[in-house]
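A.B. asks: When you get a sec, could you give me coordinates for this:
(2 chains)
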Amino acid sequence: MKSPLKLAALSLLAMTAVSATAYAHRTWLLPSATVLAGKDNWVTVDAAVSNDLFYFEHRPLNLDNLAITAPDGTPATADNIAKGQYRNTFDVRLTQSGTYKMSLVNLGAFASYKLNGQQKRARGKADTIAKEIPAGATEVKLSEMQGRIEIFVTAGKPTDTVLKTTGTGLELVPVTHPNNLVAGEKATFRLTLDGQPAAGLDVEIVPGGIRYRDKLNDFKVTTDESGTFTVTYPAPGMYWMHANVRDEKSKIKDATRRASYTTTVEVLPP
Amino acid sequence: MRLTISVALTTLAVSQAAAADAVVSIEIPRLNVVEYHRPYVSFWIENAGGDKVTNLAVWYDTKLKNSEGNKWLKDMRQWWRKVGRELTLPADGVSSPTRAPGTHEISFDAKTSALKDLPAGEYQLIVEAAREVGGREILRVPFQWPPKETKKHDVKGEHEIGALGLTLNP
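C.D. replies: Purely as a prediction, here's the structure:
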């Protein structure tokens, strides 16, 4: 039986893990395929939080905020959603030709404060978190989180409609289409923060299959002043890419903001 | 002039080449495997920069109901990326069924085929084969177009393709 305290700790962990690298765990969505031909294809996607990529060994990734966008820009549905001990999964039927986006956008706020000498925590939405703080609270610390995890899958010819950004938080603007990546070829992407170039940001890139090698083989690239970074993937496979930023640009008064972007891309053999 | 793509015995290819501008001959090896499926094979031409592409032919399972054979076209990864995903299949004069092990020849007349609009320059013939529950192989044959004299280019595959020949006739 799980104690309420442990449950609370777990849910807190699950939420912070989305945006915080203070926890070593990586969050990810992993599609069964990213390049498909023919008609009436399905893809199945795993969602998990783990240390090793891409293995299910820690926690499932919450799918409450899952959104799927079809090539024409309309929302698509996830089928067969299943919750497991180590992973959650869902299927998507690709009824249209073009590029689909599957994203988990977690927007939220945290508060920590002291009340009558006791340390307390609260969480909620950015515009209502202030109401969670009781009168008389001291040492109030507020933080806003904008976590985005997304993947792309293409049936037929790649299209660009779903690649449009929203202007909130950290987002990827593909210059090279994310379903057109080949080992040994240079790929170019841009990162934006609130729609503006995210300059000087480190992007961590980790190839999957960690369990069966001795070195992580990760590498970092840094965005230039236009937010652009380039990657030449050394070998075919699935790659996890992650960037995050902490600043004071929260819409909550006196709060810090942490924005993160995570994607999984498939790199095919030449 | 003619470009012949032949993956056949040299003598056969040469004799056949006389009837076409470009002849490609391809040998599909007989493989001793538990589960054998005929490979999907695609043929196309790229210019030196790889950005101009001329589609020649694709062999795939055209007979399955509901075009289910199209699902595996993406396994010819480079062809899918450079050519396939832009096409609507079946395409007249381009798509045809898979072939049995052995040597097959396809000819392209420079006046009537996809070659008729090919500007003079350096090119590569690219042949990619992918087999269900098997492997994938891609071979490249550099050539000059148009040919000044009859010329045969030969390369050899390692597992999914045997001998590959390209005979060009002016």
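A.B. asks: What is the neighbour count of residue B:92?
C.D. replies: Residue B:92: 5 surrounding residues under other CB atoms under 10 Å in any protein chain shown. The C-beta positions use only the backbone N, C-alpha and C, and glycine is treated the same way.
A.B. asks: check contacts around residue A:188.
C.D. replies: A:175-176, A:228-230 (CB atoms under 8 Å, 6 or more residues apart in numbering or on different chains).
A.B. asks: what pairs with it across the strands?
C.D. replies: residue A:230 (DSSP bridges).
A.B. asks: Same check on residue A:146?
C.D. replies: Beta-bridge partners for residue A:146, by DSSP bridges, are residue A:107, residue A:259.
A.B. asks: Please look at it and residue A:168 and confirm they touch.
C.D. replies: Yes - between residue A:146 and residue A:168 there is a contact under CB atoms under 8 Å: 6.4 Å.
A.B. asks: And those two? Which one has more around it.
C.D. replies: Of the pair residue A:146 and residue A:168, residue A:146 is the one with more neighbours under other CB under 10 Å, namely 25 against 15.
A.B. asks: The more buried one: what's it in contact with?
C.D. replies: Applying CB under 8 Å, 6+ apart to residue A:146 gives the contacts A:19, A:105-107, A:168-170, A:257-260.
A.B. asks: try 7 Å this time
C.D. replies: Applying CB atoms under 7 Å, 6 or more residues apart in numbering or on different chains, we find residue A:146 in contact with A:107, A:168-170, A:257, A:259.
A.B. asks: Quick one, which of those are buried?
C.D. replies: A:107, A:169-170, A:257, A:259 (16 or more other CB atoms under 10 Å in any protein chain shown).
A.B. asks: what's the farthest-apart pair in those residues?
C.D. replies: Maximum pairwise distance among these (CB to CB): 12.1 Å, between A:107 and A:170.
A.B. asks: bridging residues for the residue most central in space within chain B?
C.D. replies: The centroid of chain B falls nearest to residue B:43 when counting by CA atoms, centre = their mean (2.9 Å). With DSSP bridges as the criterion, residue B:43 is bridged to residue B:57, residue B:127.
A.B. asks: secondary structure class for residue A:172?
C.D. replies: Of the three states, residue A:172 takes strand under DSSP: H, G, I helix; E, B strand; the rest coil.
A.B. asks: That one: neighbouring residues, count only.
C.D. replies: There are 25 residues near residue A:172, going by other CB under 10 Å.
A.B. asks: same deal with residue B:149?
C.D. replies: Residue B:149 has 7 neighbours, counted by other CB under 10 Å.
A.B. asks: what about it, distance to residue B:123?
C.D. replies: Counting by CB to CB, to the nearest Å, the separation of residue B:149 from residue B:123 is 17 Å.
A.B. asks: got it, and residue A:231?
C.D. replies: For residue A:231, the distance to residue B:123 - CB to CB - is 30 Å.
A.B. asks: what does residue A:178 give?
C.D. replies: Relative to residue B:123, residue A:178 is positioned 30 Å away (CB to CB).
A.B. asks: So which of the two has more stuff around it?
C.D. replies: Neighbours were tallied for residue A:178 and for residue B:123 using other CB under 10 Å; the higher tally belongs to residue A:178 (24 against 21).
A.B. asks: Setting aside sequence neighbours, what's the nearest residue to the more buried one?
C.D. replies: Leaving aside its chain neighbours, residue A:178 sits nearest to residue A:152 (4.5 Å; criterion: CB to CB, 6 or more residues apart in numbering or on different chains).
A.B. asks: same question, residue B:75
C.D. replies: Spatial nearest neighbour of residue B:75, chain neighbours left out: residue B:130 (3.9 Å); criterion: CB to CB, 6+ apart.
A.B. asks: got it, and residue A:179?
C.D. replies: residue A:154 is the one closest to residue A:179 (CB to CB, 6+ apart), at 4.0 Å.
A.B. asks: Name the helix or strand for that neighbour, please.
C.D. replies: Taking DSSP states H and E as the criterion, residue A:154 maps to strand A:138-155.
A.B. asks: pretty sure residue B:147 contacts residue B:168?
C.D. replies: Yes - Residue B:147 sits in contact with residue B:168 when judged by CB atoms under 7 Å, with a separation of 3.7 Å.
A.B. asks: Looking at those two, which is more packed in?
C.D. replies: More crowded of residue B:147 and residue B:168, by other CB under 10 Å: residue B:168, with 27 against 18.
A.B. asks: tell me which element that one is part of?
C.D. replies: In this assignment (DSSP H and E), residue B:168 forms part of strand B:163-169.
A.B. asks: So in that sheet, which strands flank that strand, and in what orientation?
C.D. replies: Here strand B:163-169 is paired, per DSSP bridges, with strand B:2-7 (antiparallel), strand B:151-156 (antiparallel).
A.B. asks: how about the helices of the chain, start to end?
C.D. replies: Let's take chain A. A:4-19 (DSSP state H).
A.B. asks: Actually, chain B is the one I wanted.
C.D. replies: B:10-17, B:77-82.
A.B. asks: Going by mean pLDDT, which of those comes out lowest?
C.D. replies: For the helices of chain B, mean pLDDT drops lowest on helix B:10-17, to a mean of 42.
A.B. asks: quick one: contacts for residue A:42?
C.D. replies: Shown in contact with residue A:42 (CB under 7 Å, 6+ apart): A:91-94.
A.B. asks: Show me what residue 102 bridges to in the sheet.
C.D. replies: Looking at chain A here, since you left the chain open. For residue A:102, the beta-bridge partners under DSSP bridges are residue A:68, residue A:151.
A.B. asks: actually it's chain B I care about, not the one you picked
C.D. replies: Beta bridges link residue B:102 to residue B:28, judged by DSSP bridges.
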